[in-house]
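> this is a predicted model, with the sequence first.
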Amino acid sequence: MSGFLRSFRLASLAALAGASRIAPARQALRTSFARKLVSLRGMPMKLGQILSMLPGDADLAAIHAEAQKDAEALPQAEAMDLLAQRCPTLQAQIRLCHDEVHPASLGQVHRLTLRDGREAAVKLRYPEAEEMMDLDASLFDFVTATFGKFRQGFALDEYRRVLAEELRLELDYRREGALQEDFYRLFRDETGIVIPQLMPEFAGPGLLCSSWETGIRPEIFAASASREERVAAAALVCRFYLISLLRGGLLHADPNPGNLAFRRGPAGIELVVYDYGSASRLEPLQRLGLLALFRSVCRGDLPALAALQSLGFDLGILKGLETQLPDFLALQLEPLVSPCRYDFKDWNRGPRSEALLGPRRMNFMTAAPPSLFLVMRAFQGLYHYLQLLDTGCYSRPLIDQLVAEAMPELQAMIASLPAEILAAPRGLVGRQIRVEVRENGALKVAVTLPGSAIDNLADLLDDELKNKLAQRGLDVNSIAAESRRRGHPPAVLFDLTEGGKSCRVELI
């Protein structure tokens, strides 16, 4: 495609993106927009992949996910000519080139059988990939200017810069191969997690060769697997993301459905993870910041601001939110840190986030450094697959283990933090709700619950008690909201006495 034609097609996306937000032909226009993103490859196709996993609009995500399946590959003859030019050594070893091909934003993957019997996956970069990238980056602001999703949370120029930089790095197959080997070494002794093994003897410009690893797409597996198999698959997804980030300091930032697969191996369910073009190594302080964040949420012995500073957040933008941030962060990580299997149906993240931070909720996103966008995308992928598998989540023991492993490093980092950061509020983490019922002064009931139960305080009380509180002008939901507004300090929530009976509920 000529540069002029590509410029014209990119520019036409702006009008289509804006029209797709307006009824009555919204569904058809959204579908057309999604297909055009895929047909253009490069940055537009990458945007379509992100939209296919975007929470909050299931219909939009489904349209983009379906469009991704229609991506067109280079004809096999043309692809094999490229392979012969870029790696004659590999071309000489091919016994069979299968029809199976997987097109992506900047390249495509072919399945080969080699003369020595090995099955290989060869990734070929599109000939025009670099030219595409230069053109796409220059027109990206214009194309997305009327598409509202790209203005939520990140300034558009920062979003564009991070995404463009990610795609440019994907052009470097030597870098991708080195990162794939890092992941392979990290997980080679981890039962059930399969990283394709690089074949370094077959290398060339714009070409990467690895072992061919079969697998079932996540949505197909989730629809056909037993609950036991899905529980095992969810545990593997958690292990991959958490171990790579918190132990290995490695980030796989492209969680689109073509890059993960499941299969039934001799020892049970296995997770196969493909494509390391968007992978990267975390800065040491980023890894420690993530560990500090989990320690803060799980143990309550470290202020949330300490973790956010280590991750590079602009604390000035967060000023005034110090008392609410610990509970906001605990909410974002709630499925992962729950002490028992977590049902995502109980999360209700949007309304609860709104209740905690109100109109300043977006301050959290704008305070985040642009480099953290890819980390957030990895967590978005983790949550996406856990919800797709629909068995809940139980990863707390693994998180406790990973935090314990890094404790000496964390302690050294904490020792370098300013005293005012270490004195910041810690929210509900580590707090408890104590309920005492007495009759004629004698203790009849004493119950202690996690502090997070305050969000469900109304459900803990029977109707009779709530009516008696209401008669005294006390509303249970208002009591919880006021505690939240103040950052959940220790306090008596209410103390009701009637006749010889009393009920006292306090946050300790």
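Cool, got the structure. Numbers count the residues shown, from 1 in each chain.

> contacts, neighbours, all on C-alpha from now
Noted.

> where does pLDDT dip in the stretch 151-300 of the chain?
151-160, 163 (pLDDT under 70).

> so where do the helices sit in it?
Per DSSP state H, counting those that start in this stretch, the stretch 151-300 of the chain carries helices over the ranges 156-170, 173-187, 218-224, 227-246, 284-299.

> show me what the fourth one is packed against.
Based on contacts counted as 3 or more C-alpha pairs under 8 Å, 6 or more residues apart in numbering; DSSP states H and E, the elements that helix 227-246 packs against are strand 250-252, strand 268-273, helix 284-299, helix 373-389, helix 396-405.

> can you say which of these is packed in most?
Mean neighbours per residue, mean count of other C-alpha atoms under 10 Å, is largest over these for strand 250-252, with a mean of 25.

> so what touches that one?
Applying C-alpha atoms under 8 Å, 6 or more residues apart in numbering, the external contacts of strand 250-252 come out as 183, 241, 244, 245, 276, 278, 279, 280, 281, 282, 375, 378.

> please apply the same query to stretch 469-480.
454, 455, 457, 458, 466, 493, 496.

> including pLDDT, could those residues go into JSON lines?
Formatted as JSON lines, the contacts of stretch 469-480 follow (pLDDT from 0 to 100):
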{"residue": "454", "pLDDT": "82"}
{"residue": "455", "pLDDT": "73"}
{"residue": "457", "pLDDT": "79"}
{"residue": "458", "pLDDT": "79"}
{"residue": "466", "pLDDT": "85"}
{"residue": "493", "pLDDT": "91"}
{"residue": "496", "pLDDT": "89"}
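
> who wins for most neighbours among those?
The most crowded member of those, judged by other C-alpha atoms under 10 Å, is residue 454 (25 neighbours).

> where exactly do the helices run in the stretch 301-450 of the chain?
Assigned by DSSP H, counting those that start in this stretch, the stretch 301-450 of the chain shows helices spanning 304-310, 325-332, 334-337, 349-357, 361-367, 373-389, 396-405, 407-415, 419-422.

> ok, which of the helices of the stretch 151-300 of the chain comes nearest residue 370?
Nearest of those to residue 370, taken as C-alpha to C-alpha: helix 156-170 at 6.3 Å.

> which residue ranges make up the domains of this structure?
With domains defined by automatic domain parsing, the chain comprises 3-72+128-169, 76-127+172-279, 282-422, 432-507.

> endpoints of the last one, how far apart?
Right, the one you point to is domain 432-507. Distance between the two ends of domain 432-507: 6 Å, counting by C-alpha to C-alpha, to the nearest Å.

> please identify the most buried of the helices of the stretch 151-300 of the chain.
Comparing the helices of the stretch 151-300 of the chain by mean neighbour count (mean count of other C-alpha under 10 Å), helix 284-299 ranks first with a mean of 22.

> distance from that one to the middle of the chain?
How far helix 284-299 lies from its chain's middle: 16 Å, per C-alpha atoms, centre = their mean, to the nearest Å.

> orientation of it relative to helix 227-246 in degrees?
Using axes from the mean of the first three to the mean of the last three C-alpha atoms, to 10 degrees, the direction of helix 284-299 lies 130 degrees away from that of helix 227-246.

> format the helices of the stretch 301-450 of the chain as TSV; extra columns: mean pLDDT and distance to residue 210.
As requested, the helices of the stretch 301-450 of the chain are exported to TSV (pLDDT from 0 to 100; distance: least, C-alpha to C-alpha, whole Å):
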stretch	mean pLDDT	distance to residue 210
helix 304-310	90	36
helix 325-332	91	36
helix 334-337	96	32
helix 349-357	87	40
helix 361-367	85	37
helix 373-389	93	23
helix 396-405	97	30
helix 407-415	93	35
helix 419-422	84	47
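
> out of the ones you listed, which comes closest to residue 67?
Among those, the nearest to residue 67 by C-alpha to C-alpha is helix 373-389 (18.1 Å).

> contacts for the closest one, please.
Under the criterion C-alpha under 8 Å, 6+ apart, residues 53, 162, 218-219, 222, 230-231, 233-234, 237-238, 241, 251-256, 344, 392-393 lie in contact with helix 373-389.

> before we move on, back to that, so which of the contacts of stretch 469-480 sit within helices?
Per DSSP state H, helices hold the following members of the contacts of stretch 469-480: 457, 458, 466.

> counting neighbours, what do you get for residue 408?
Neighbours of residue 408 (other C-alpha under 10 Å): 11.

> look up how far residue 52 lies from it.
When residue 408 is compared with residue 52 (using C-alpha to C-alpha), they lie 40 Å apart.

> before we move on, what about residue 329?
In this view, residue 329 and residue 52 are 25 Å apart by C-alpha to C-alpha.

> the two: which is more packed in?
Taking other C-alpha under 10 Å, residue 329 and residue 52 do not tie; residue 52 has more neighbours (24 against 19).

> ok, now which ones touch the closest residue to the more buried one other than its chain neighbours?
Nearest residue to residue 52 in three dimensions, chain neighbours excluded: residue 61, at 4.0 Å (C-alpha to C-alpha, 6 or more residues apart in numbering). Taking C-alpha under 8 Å, 6+ apart, we find residue 61 in contact with 51, 52, 53, 54, 55.

> and these, which are buried?
51, 52, 53, 54 (16 or more other C-alpha atoms under 10 Å).

> among these, which one lies nearest to residue 401?
For the buried ones among the contacts of residue 61, the nearest to residue 401 is residue 53 (29.5 Å; C-alpha to C-alpha).

> now for the closest one: which residues touch it?
61, 65, 256, 380, 381, 384.

> farthest pair within those residues?
Most distant of these, by C-alpha to C-alpha, are 65 and 380, 15.3 Å apart.

> ok, back up a step: among the contacts of stretch 469-480, which one lies nearest to residue 77?
residue 455 (61.1 Å).

> coming back round to it: hang on, the residue nearest to residue 52 is in a helix, isn't it?
Yes: assessed with DSSP: H, G, I helix; E, B strand; the rest coil, residue 61 lies in a helix.

> which parts of the helix or strand residue 469 falls within count as buried, going by neighbours?
Assigned by DSSP states H and E, residue 469 belongs to helix 463-471. Within helix 463-471, the residues that count as buried by 16+ other C-alpha under 10 Å are 466, 469.
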